[in-house]
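Student: need a 3D model of the sequence below.
(chains A and B, ligands or ions: 1)
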Amino acid sequence: MAMLRLEDYEKIIEKCSQCSYCQSTCPSYINELSESFVAKNRLLLIKETLMHERMPYSSKAKEILDNCLLCTNCTQTCCSKIPIDDIIISARIKAGQKGAGGIKQFVMGKMLTQRGLTGVLGKAGSVAQKLGIAAKEIPQLASRPFDKMYSGTYTPEGEVKKRVAYFVGCGTNFIFPDTGEAVVKVLNHNGMEVVIPQGQVCCGIPALGEGDLEGARNMVETNINLLAGLDVDAIVTDCTSCGMMFKEKAAKCLPDDDPLQEKITAVTSKIWEVTDFLQNQGLNMPPGQLDITWSYHVPCHRGWSPTVKDAPRQLLSQIPNAQLKEFDNPEQCCGGAGTFFMEHRDVAEQIRSNRLEEIQNTKSDVVLTQCPVCRFYIGFKVTDREVTHPIKILARAYGF
Amino acid sequence: MQGLVKDLSAFLGPSQILSLPEEMLAYANDATHYFKSRIPDAVVLPHTTEEVSKVMKYAFAKEIPVTPRGAGSGLAGGCTPVHGGIVMDLKRLNKILEIDKSNMTAIVEAGVVLKRFQDILEKRQLFYPPDPQSASVCTIGGNVATRAGGPRGVKYGTTGNYVTGMEVVLPDGSVITPGGKFVKQSVGYDITHLMTGSEGTLGVITAVNLRILPLPEANRTVVVVCETLEQAAEIVAEIIARGAVPAMIEFLIKLAITIMNQYFFPPLPTDGEGYLFMYFDGTEAQVEYEAKLVSDICHDMKAKEVRLIEDQKVAETYWIARANVYPLIQTIFERGNAEDITVPRNKLPDLVRAVQAIAAAEGVMIGLAGHAGDGNMHPSILFPQVTSEAEAKAKIAIDKLIRAGLDLGGTISGEHGIGIHKAEYLSWELGQTQIELMKRIKYAFDPKGIMNPGKIWMEDGDGNA
Ligand SMILES: Cc1cc2nc3c(=O)[nH]c(=O)nc-3n(C[C@H](O)[C@H](O)[C@H](O)COP(=O)(O)OP(=O)(O)OC[C@H]3O[C@@H](n4cnc5c(N)ncnc54)[C@H](O)[C@@H]3O)c2cc1C
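Tutor: Here you go, the predicted structure:
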């Protein structure tokens, strides 16, 4: 674990042999088919501009770095094990420190002080206004956020098998509280006591993606202090990006010798994506029959758990009659990528339209994904069927 | 280059021309990044043959160098624009124009990524065997231009064996279509196969006619652990001599296995020195027979362990790991430069001994992996640290490796091509008369010398690399 300081990557960046394998999975490259927009070029560019300052950090350089969705596909593909996304984040942090980012100021001003998503949506609103995007292309807030409906401890009937904390991501809290309800009910039904601590804030990944280390660190501190104090066996999230933030990025927001590191280790060792957790624990209660076919859009932020991408497949295979219809490329990015789709509308839409082709060609009753942004961004266009979180299907099979 | 972008804008859209250094850094070289590289003056991204032709006509008139580029995954520096000028990126020519099952042929544009083509064929129970390990990114155009091969070479040959025709834009912009959809032809010089392996020095390949095969119904993976490298090489020679026809025989050393083991559960034992990954395909009965025959040979020759991988999913992990060996090496070394020596199969044990002797004598680390089944080995100098002293030692070792391969009746390149990487050794293999003949052929295609200049042979007074 190294802190996200660009200087610390000087050696590892040299490991890039330019084998080009990153071209096989980078959504911005696959969309553009130009080697300008692929990890290989971004690493060279970072080296020349922000790292060794042999070239100025020009508006073109910024554009090329900003066009990265931070989907982490290149990092997962890179056999030379270069933490490409961390290097790009570090570069954005450094660029921000040099005063390059207006967005950063915005994030600093808004996201820090609020729970997170309200800030993001505020930004979305202003960006939308500028670009003339229809308001409906921005996620609509739920009438009541999840945290206004659920907080405290939810105890199952009968024997308590495990006690778990539920970290509620912004996507579930503000846009899809239905996911949260399903999480609580399914966990309870399987003998898990669910603790939803009050005072949770955004996990920090959107801030980090913008190069706002300070903002991300503040959120990490708040969440870690809150979660570390709980007497629980596990901490679940329904969002793969929140999971990644805890598991892979939180510790990198602070110096290695920061006293909070110990708590971070303790918390992150307990973090699970909810379907991954249930699959790992085994279902206590057999789900009932559901006559549906479903397809699975695997979220990009899956690299932090070796089992997270197969968990929904295995879990839902236990529902009698529910049948998985695999996409040809289940791991292809949809272009949403956190807040990326708001600022890079054209690129995101092109990436999405490539993705939609396959979704439309695969006839299934529901499309499932654990990422709220994918759910929203795909769901906005796929209106002939439900796009939802896998936990909701399990909840349905239990009759909730 | 003054006015270049403006001129190109006359026939290409703004998103088809790159000219800022920030957007062209990756275009300065291929996967041999440690060789001479240069940022081009402009990159063009044509969508059609017509656009390719327009660029060539323009470049021809202005005498501007043009370097065709596929994925840039080459291991010979072939698409490195050593003289600057225009890099022609062909990845947007990416349509699969035809898959004709009744004729067992296909027509694909040059920029089609190999794996995408293979995946689409597989769904239709069809099969295109050439399998450079970079399949997930490399283009068919790049494969044809380098005559690329891979593990399946032992049974199925390499790219050249599947090309029956193509569309080519010549340096002056004219378009020709040598060969065709037919599987044989005897009409004058075989331009199709002259273009195949020409490394972008004769013209731009824009589309290719390919032969395809029915997908074999069954396959089997066998992993063999050997006491020594020689033993592994001797087993390969014996398998070939006894007439067995595995679809792949890959040779690996312990060092590679220790890195690859992260893919395998249970991991492979690391008490061997040499390892063979083998693959058999065909009908169920054939596969059964071949796997048994080869396993018996391995046992007869006292292999330490012969592991039959029954589970398809598990078997796949071995082949994924194999495809990733080269970049995996980068995790522990600062650099690995791969040679491409190919020898007659019965000389493999001699080659293995020669490699070990050279490593010991020169004090360098030489990794050894390769498509042993077709005699193609990639001895790689591994640099724990890149220093000028290490580079000097490596140079001596590479000279000796190349010489050893040639002395065994082999060739300096089985599949990667010459580019700038091996230009200095060309005369060792071909001699001056052949090189002069090649130059005259080049002149006939490219009288102004604009097509990927500085490749294959040494330029006068310039070491290229
Ligand atoms: C990790 C790794 C593993 C590899 N494994 C193998 C292997 O097993 N077997 C193997 O053979 N190779 C292998 N290679 C090398 C490389 O992938 C192949 O040479 C491949 O064929 C190159 O394709 P490309 O599209 O990347 O071409 P590029 O590297 O872009 O170009 C290669 C050459 O072809 C020319 N060229 C490209 N497209 C055209 C065109 N349309 N018309 C005319 N000329 C053109 C270029 O000018 C250049 O000279 C490997 C490379 C890597 C990085």
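
Student: what does the stretch 351-465 of chain B put close to the ligand?
Tutor: Within the stretch 351-465 of chain B, the positions near the ligand by Cβ under 6 Å from any ligand atom are B:Glu415, B:His416, B:Gly419, B:Asn452. Every residue, glycine included, has its C-beta placed from N, CA and C.

Student: ok, so of those residues, who is nearest the ligand?
Tutor: Using Cβ to the nearest ligand atom, B:Glu415 comes nearest to the ligand of those, at 3.4 Å.

Student: neighbours of the residue nearest to that closest one when sequence neighbours are not counted, how many?
Tutor: Counting by Cβ to Cβ, 6 or more residues apart in numbering or on different chains, B:Glu415 lies nearest to B:Gly149, which is 3.9 Å off, once chain neighbours are set aside. B:Gly149 has 27 neighbouring residues, counting by other Cβ atoms under 10 Å in any protein chain shown.

Student: helix/strand/coil for B:Gly149?
Tutor: In three-state terms, and counting by DSSP: H, G, I helix; E, B strand; the rest coil, B:Gly149 is coil.

Student: need the residues of the stretch 1-150 of chain A near chain B, please.
Tutor: Within the stretch 1-150 of chain A, the residues that sit near chain B (Cβ under 8 Å from any Cβ of the partner chain) are A:14-21, A:23-24, A:33-36, A:38, A:40-41, A:44-45, A:48-49, A:55, A:58, A:60-61, A:64, A:78-81.

Student: show me where pLDDT drops low in the stretch 351-465 of chain B?
Tutor: Applying pLDDT under 70 to the stretch 351-465 of chain B flags the ranges B:460-465.

Student: revised request: answer the last question for chain B.
Tutor: Using pLDDT under 70, the flagged stretches of chain B are B:460-465.

Student: who in it is up against the ligand?
Tutor: Residues of chain B lying near the ligand by Cβ under 6 Å from any ligand atom: B:30-31, B:67-75, B:78-79, B:90, B:110, B:132-134, B:138-139, B:141-143, B:145-146, B:148-150, B:199-200, B:204-205, B:326-327, B:415-416, B:419, B:452.

Student: those residues in strands, which ones?
Tutor: Among these, DSSP state E puts B:Thr67, B:Pro68, B:Arg69, B:Val204, B:Ile205 in strands.

Student: out of the residues you listed, who's nearest A:Ile196?
Tutor: The shortest approach to A:Ile196 among these belongs to B:Arg69, at 54.3 Å (Cβ to Cβ).

Student: surely that closest one meets B:Leu90?
Tutor: Yes: assessed by Cβ atoms under 8 Å, B:Arg69 is found in contact with B:Leu90 at 6.6 Å.

Student: break chain A down into its structural domains.
Tutor: A:6-97, A:146-201+A:217-278, A:285-397 (automatic domain parsing).

Student: what of chain B?
Tutor: B:4-89, B:96-214, B:218-327, B:333-407.

Student: can I get the ones you listed in TSV with distance to A:Gly335?
Tutor: Formatted as TSV, the domains of chain B follow (distance: least, Cβ to Cβ, whole Å):
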stretch	distance to A:Gly335
domain B:4-89	18
domain B:96-214	20
domain B:218-327	27
domain B:333-407	36
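
Student: between which two of the ones in strands among the residues of chain B next to the ligand is the distance greatest?
Tutor: Longest span within these, Cβ to Cβ: B:Thr67 and B:Ile205, 13.4 Å.

Student: what about the residue of chain A found nearest the ligand, helix or strand, and which?
Tutor: Here the residue of chain A nearest the ligand is A:Cys19; by Cβ to the nearest ligand atom that distance is 3.7 Å. A:Cys19 belongs to no helix or strand when elements are defined using DSSP states H and E.
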